[in-house]
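In: A structural model of the following input is requested.
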Amino acid sequence: MGAGLGERKPLWHAGFVKILLADFLVCVSLYMFLPVAFLYVAGNVWAAALAFFAGMCLAGPFCNYWLDTFRRKHVALWGVAGVIATTGLFLFDLGATGFCMARLVQGAAYGVFQIAVGSTLLLDLSDSGKRTEAAHVYYWFTRLALAFGPLAGMVVIHDFGPHLFVVSSLLLSLCAGGVLWTLRVPFRAPLNPSLCSSDRFWLRRGWRVFVPLFLVVFASASLLGGFRGALPYLCLSLGFWLALTFHVLFFRERLQAELAAGFLAMFLSFILYGCGEGWAAVALGCGVGLATSRYLLSYIRICTHCERATAQTSYLLAWELGLLSGYAMSTTVLKNMECLPLCAGFILLGTAALFHFVFVRKWYAAHKRK
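Out: Residues are numbered from 1 along each chain as shown. Take a look at the predicted model:
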């Protein structure tokens, strides 16, 4: 029986580890495409990025119906199967339009996977008193995938070519599906939800948190997309671990101070960009880790108990939209223009910080529930 159905479990149990591993593998398999998407779309990077996000939004409103009508593990497996099928299409010459259509379907499959796993199974298999901690750990694995996915993508496509690049992505998704297949999920009786709803998809009153979170990830991804070679991405992972260390030692109960430190670290990353990509990546990873993990907590604390899944998906949407848009900007508008990433980053981060401390901080203090 699941923890949410009466049995108390420790945070790190077998089901939880399998969920983390499946999420990490799927995210790495898809983040591999971020730095090389331009090779498939003849320069239409924006179209591919927006198609992927549009797919997430098209499928999202139907997920609550599917998850309460069918077995939840099966819905998650459908999502992985969709990712595998669309990735396999990239072995063929689809052209720019075909690639964008495939990315649309791939985004829908990824959205189903994340809502089924990160916003549903994760909560079902976690003790009610540990669900916030479980969500933090889950999305930390997603952030780590951001360091290793683009790195793997650049190395594989450079050393082995596009065919083995796609095969590598397929194998990672297949492994994720195998891990999910072995997951034991408690039976839940089918309900009668609406076919289309915002449940598990969009927390409307959380838009004040969505805006600065989106801007933070957008600015960070625009700088990240300009990194070349393995070193910056390894340094990014080091920055993520520093953020975790600072959180445990200094910021565990100081949300606003941690957000301020995150903003300062990200500003520092843009200043250090001219001195070396490695140092900039360390500061960027630290800043993104500090700020985005606090926005996740903000989302969770403004929701009611039954809205936790919806809040977590809203957080994911802001993350993915910012990530895709920032990478698209770095490979189009900002490509070969060294000063523009710095200027754009400062403007976006400044806007995010201003919006947070003027429009979000007091509102959050008045509306937080937990």
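In: buried set for the one helix or strand in the chain whose mean pLDDT sits lowest?
Out: Using mean pLDDT, DSSP states H and E, helix 38-41 stands out as the lowest-scoring helix or strand of the chain, at a mean of 74. Applying a neighbour-count criterion of 16 or more other Cβ atoms under 10 Å, the buried positions in helix 38-41 are Phe38, Tyr40, Val41. No exception for glycine: its C-beta is placed from N, CA and C like everyone else's.
In: which other helices and strands contact the helix or strand that it is followed by?
Out: The first helix or strand that comes after helix 38-41 along the chain, using DSSP states H and E, is helix 45-69. Here helix 45-69 is seen to pack against helix 38-41, helix 72-89, helix 95-116, helix 308-331 when contacts are counted using 3 or more Cβ pairs under 8 Å, 6 or more residues apart in numbering; DSSP states H and E.
In: now the angle from the last one to helix 95-116?
Out: It stands for helix 308-331. Going by axes from the mean of the first three to the mean of the last three Cα atoms, to 10 degrees, helix 308-331 is angled at 150 degrees with respect to helix 95-116.
In: By residue count, tell me the biggest helix in this structure.
Out: In the chain, taking DSSP state H as the definition, the longest helix is helix 131-181.
In: Off-centre distance for the helix or strand that it is followed by?
Out: Taking DSSP H and E as the definition, the helix or strand that follows helix 131-181 towards the C-terminus is helix 207-224. Centroid displacement of helix 207-224 relative to its chain, using Cα atoms, centre = their mean, to the nearest Å, is 12 Å.
In: List the buried residues in helix 207-224.
Out: 208-224.
In: next helix or strand past that helix?
Out: Sequence-wise, the next helix or strand beyond helix 207-224 is helix 230-246, with elements assigned using DSSP H and E.
In: other SSEs contacting that following helix?
Out: Contacting helix 230-246 under the criterion 3+ Cβ pairs under 8 Å, 6+ apart are the following elements: helix 131-181, helix 255-272, helix 277-301.
In: I'd like those as a markdown table, with distance to Ala49 appended.
Out: Compiled in a markdown table, the helices and strands packed on helix 230-246 are given as follows (distance: least, Cβ to Cβ, whole Å):
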| stretch | distance to Ala49 |
| --- | --- |
| helix 131-181 | 14 |
| helix 255-272 | 21 |
| helix 277-301 | 19 |
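In: All good on my end, thank you.
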